[in-house]
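J.: Curious how this folds, go ahead:
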Amino acid sequence: QVQLVVSGGGLVQAGGSLRLSCAASGRTFSSYAVGWFRQTPGKEREFVAAINWGATMTSYADSVKGRFTISRDNAKNTVYLQMNGLKPEDTAVYSCAVRPLSITVVPRAYNYWGQGTQVTVSS
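T.: Just a heads-up that it's a prediction; the model follows:
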């Protein structure tokens, strides 16, 4: 069992930055891949970024490449999503999720989910 706590959302102007954190409990966090997803009302959950257990592989949605960076600190059981150059279209509820070993962009492949945090980007 892994429990995830998401923090770091908020309101920011376009062009600004935020850093989201996904803190995990559980001894085996370091063996899990972690994904970030976002969702807006009436839309499907959208893949944002993912990182494998050893931080040797990352994946990003085309819409965030070059602006967002995912990283992890297994000693702190935490994964981060640094979001720079934010745009109004990045406004969404952001959630993190974990699954064993490898990364995937498919939400249903993730086993445990944290609660969402609202990110609002004003124009």
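
J.: Please name the bridge partners of the closest residue to S59 other than its chain neighbours.
T.: Leaving aside its chain neighbours, S59 sits nearest to A50 (4.8 Å; criterion: CB to CB, 6 or more residues apart in numbering). Every residue, glycine included, has its C-beta placed from N, CA and C. Beta bridges link A50 to G35, S59, judged by DSSP bridges.

J.: Q1 against A24, yeah?
T.: No. Between Q1 and A24 no contact is recorded; they are 10.6 Å apart, counting by CB atoms under 8 Å.

J.: Those two: which has the busier surroundings?
T.: Neighbour count, other CB atoms under 10 Å: between Q1 and A24, A24 has more, with 23 against 7.

J.: Let me see the backbone angles for the more buried one.
T.: Dihedral pair for A24: phi -120, psi 150, per degrees, to the nearest 10.

J.: Repeat that for S30.
T.: According to degrees, to the nearest 10, the main-chain angles of S30 amount to phi -70, psi -10.

J.: Any regions of this protein where pLDDT drops low?
T.: Applying pLDDT under 70 to the chain picks out residues 27-28.

J.: hang on, the earlier thing: who are the contact partners of the residue nearest to S59?
T.: Contact analysis of A50 by CB atoms under 8 Å, 6 or more residues apart in numbering lists A33, V34, G35, W36, T58, S59, I70, I103, T104, V105.
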